[in-house]
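Asker: Okay, sequence plus prediction incoming.
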Amino acid sequence: MSTKDFRPGRTPNVSRRTLLQAGAGLIGGTVLPASIASQAFAEDHPAIGTFPAGTSGSSAFIGISVPRTGTYAVQGEDELKGYQLAIEHINSGHELIKKISPKTSKGVLGKELKFGVADSAAKPNEAVQAQQRFISENKAVMITGGTSSAVAVALNKLAQREKVIFVCGISGSNDTTGKDCVRYGFRQNFFGQTAAAAIAPVLIKQFGKNKKAAYLTPDYTYGHTVTKSMQDFLAGAGWTTVTNQVSPLGAPDYSSYLLNVANSGADVLINVNWGHDAVLSTQQAKQFGVLDKMKLVVPYQVPFIARETGGLMQGVYAATDYWWTIEDKYPLAKMFNETFEKKFGYKPEWGAENAYVSFAHWARMVEEAGSFYPPDVIKAYEKGETLPSLVGDVHYRPEDHQCVRPVIIVRGKMEKEMKNKEDYYEVVEIVPGDGLMQKPDAFGCHLGDYT
Amino acid sequence: MINWPNFVSQLFNGLALGALLALISSGLTIIYGTLGVLNLAHGAMFMIGGYAGYVTYSYTGSFILAVIAGSLFVMLLGVAMERIIIRHFYHRPHEDQLLVTFGLGICFVEIVRLIFTSQSQVAPPPALLQGITSLGFLFYPTYRLAVVGIVAVALGGLFLILYRTRLGMIVRAGIEDSVMVDSLGINVYRVFMIVFGIGAMAAGFAGIINAPVVSLTPGVGDDILVETFVVVVIGGVGSFPGAILGGLIAGEIISITSMFNPGYAYVMLFAAMTLVLVLRPHGLLGTQGRE
């Protein structure tokens, strides 16, 4: 008899080898169905982009490029926090994520989400280089970025070429889901057309018809399309453009542009600049006495501008994606505000909201597709089903991949009206999204192929 | 059809803008002319001057103290930078000098970002200089008017140091031929340290003077650095009067072009630089052969 027979607690006649084999069989038995399933899955679909390589392990990688330096750095950091919170919630199966993506348990299809962050400095070439690296080295299954529409448009093209889904960050240009739209790109947030359609009636009601408007426009796709949309919507009420001051992104000084505005005889200054450019141009407009001569309007609201301009947004109308005080009306917004503030110590701005919701929607689409196979995920979006968001029910249009969602019109509160130090805006109106959208082909969108 | 009141306004604004550019550029051109080092951290020093002044202002509420502290802090930083790092690069290729100053600039910007975040900070002008002044033909921010005067005084001070003192004579000689200055028994490395300190101080001074005009962010120096280089190239590398002339020309080009077509303001600035490089490669007031 061998020694094994004398060991206490051990069943006689079962050798160590047999036990090991049985154990291996058991472990194999639990693991095998998943691996067989995933193999079968991969076999169902041909390899495309980073599929199936990106999800062959226990995790899936997301490439994030936000501006952490340059003109849009403040807004980029806020966006990044929204992404981080969404990933944390998806991985832990947080209650809020489950409200938006009910099938989410932990991770996406059981894969833990991992991510890499690159500073785009709001420059398309830097964003594309970083995402190309995330795609080839980390096998990113989804990429995100924006804050500048020039970046969003460039990443649209990269996504379509590499066949990796691009969930757009902040991008206000009509082109992102217009002439530069792609099959692999999706945008949750509001944009020039919807901003203008929502705010124009409010401005006409507030300031009257036949007004003269001066524009400050940043010289790239976002600026040109937002200004064009505002001009189109206001023209119906007889508003004319007396001057349009186009300036480069990150201009160090606005004095010469503002002198032209001051001498233009305008009634309203429509500042389309964004990020630090908006802060600087607004402050300098005050220095040059422009804000004493005419009313300021910010058609595409800039996160943090009220904090940074120290009172200059008081009484100013703006269109935005999200403002935290809507939590009284939307329970999911309240949940989001609470978890965000607990983690980061301030009320989230709309960059963080867009980041969070667009990741939550993506997670839902993958769960519904039951696969990371990009064409299936795209088709899940294209069903156009009604989805929960922080601003109520929304849906994505199959024709241009633009989310149809409300636009919120806010007005800067006077200091005495503020209930707390972050209570900068009064919500004037929440305009439903359906009536704000252009016809799907109005901006020349052709989505391109799935494969 | 030219709108004459606007044209006169823009002409004046170009002068104000140019004065500030001249001050920032003068520091860069003196350092390059004397040491042969193109200091790519110059924009960062401009930014640090602004922040140092802002911090002083926050604690003391005194704009004058802020200007003094901001300038001195950046001067000391410049001297330390020269002693610890830059002096090891005098005999190394220009590429190395560019890389080390560029790297230092990034470090400075990121340290400031770490402390103050990217959110802009507002440094208000002194109470006396707030508001708008009517000049008859235009209303202009009072502080910007004062900046023209402040810069004129500062440039006058720099002129006196460079053209009326023994140190200035040595610096100017060093710009022409540092080997000759060295062989005359003058400790040229000590001069280099002083020049680096003065150049940095000019940037820091400009930074705090400029702070109430712009809102302070860690990237404020990056934006201005490009314009500063254009000014130095137009005026002539190493030429103090060239920096002033280049600054004024750049300011006027930006202002006047923006009146006709604002989108072309910076295009015209670079076109002017290209034209100068083609017709007079050493700049308007530069000396041929000088590096």
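Answerer: Received the coordinates, thanks.
Asker: Am I right that B:Ala271 falls within a helix?
Answerer: Yes - counting by DSSP: H, G, I helix; E, B strand; the rest coil, one finds B:Ala271 located in a helix.
Asker: That one: neighbouring residues, count only.
Answerer: 13 (other Cβ atoms under 10 Å in any protein chain shown). All C-beta atoms are positioned from the backbone trio N, CA, C, and that covers glycine.
Asker: Also the one 4 residues further on?
Answerer: By other Cβ under 10 Å, the residues close to B:Leu275 number 11.
Asker: would you say it is within a helix?
Answerer: Yes - assignment of B:Leu275 by three-state DSSP places it within a helix.
Asker: any idea of the pLDDT on it?
Answerer: The score at B:Leu275 is 95. That number is its pLDDT.
Asker: quick one: it from B:Gly283, how far?
Answerer: Per Cβ to Cβ, to the nearest Å, B:Leu275 is found 12 Å from B:Gly283.
Asker: Repeat that for A:Tyr330.
Answerer: Relative to B:Gly283, A:Tyr330 is positioned 61 Å away (Cβ to Cβ).
Asker: and if you look at A:Glu349?
Answerer: 46 Å.
Asker: Give the closest residue to A:Gln314 in space, chain neighbours not counted.
Answerer: A:Gly412 (4.6 Å; Cβ to Cβ, 6 or more residues apart in numbering or on different chains).
Asker: wait, doesn't A:Trp399 sit right on A:Gly444?
Answerer: Residue A:399: Glu, not Trp. No - look at A:Glu399 against A:Gly444 with Cβ atoms under 8 Å: they stay out of range, at 11.8 Å.
Asker: For these two, indicate the residue with more neighbours.
Answerer: Counted by other Cβ under 10 Å, A:Glu399 and A:Gly444 do not tie: A:Glu399 has more neighbours, with 16 against 12.
Asker: dump the residue contacts of that one.
Answerer: A:Pro440, A:Asp441, A:Cys445, A:Leu447 (Cβ atoms under 8 Å, 6 or more residues apart in numbering or on different chains).
Asker: which other helices and strands contact the helix or strand of chain B with the lowest mean pLDDT?
Answerer: Within chain B, no helix or strand scores below helix B:166-183, which has a mean of 83 by mean pLDDT, DSSP states H and E. For helix B:166-183, the elements it packs on are helix B:4-35, helix B:142-164, helix B:188-210, judged by 3 or more Cβ pairs under 8 Å, 6 or more residues apart in numbering or on different chains; DSSP states H and E.
Asker: And those: which comes nearest A:Ala214?
Answerer: When the helices and strands packed on helix B:166-183 are compared by Cβ to Cβ, helix B:4-35 sits nearest A:Ala214, at 12.8 Å.
Asker: got the CA positions of the helix or strand just after the closest one in PDB?
Answerer: Next along the chain after helix B:4-35, taking DSSP states H and E as the criterion, comes helix B:42-60. C-alpha atoms of helix B:42-60 as PDB (Å, rounded to 0.1, in the frame of the first residue of the first chain):
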ATOM      1  CA  HIS B  42      10.700  82.400 -22.100                       C
ATOM      2  CA  GLY B  43       6.900  82.100 -22.500                       C
ATOM      3  CA  ALA B  44       6.900  80.000 -19.300                       C
ATOM      4  CA  MET B  45       8.800  82.700 -17.400                       C
ATOM      5  CA  PHE B  46       6.300  85.300 -18.700                       C
ATOM      6  CA  MET B  47       3.600  83.100 -17.300                       C
ATOM      7  CA  ILE B  48       5.400  82.500 -13.900                       C
ATOM      8  CA  GLY B  49       5.800  86.300 -13.600                       C
ATOM      9  CA  GLY B  50       2.100  86.600 -13.900                       C
ATOM     10  CA  TYR B  51       1.400  83.900 -11.300                       C
ATOM     11  CA  ALA B  52       4.100  85.200  -8.900                       C
ATOM     12  CA  GLY B  53       2.500  88.700  -9.100                       C
ATOM     13  CA  TYR B  54      -1.000  87.200  -8.700                       C
ATOM     14  CA  VAL B  55       0.000  85.400  -5.500                       C
ATOM     15  CA  THR B  56       1.600  88.500  -4.100                       C
ATOM     16  CA  TYR B  57      -1.400  90.500  -5.000                       C
ATOM     17  CA  SER B  58      -3.700  88.000  -3.300                       C
ATOM     18  CA  TYR B  59      -1.800  88.300  -0.100                       C
ATOM     19  CA  THR B  60      -0.900  91.900   0.000                       C
END
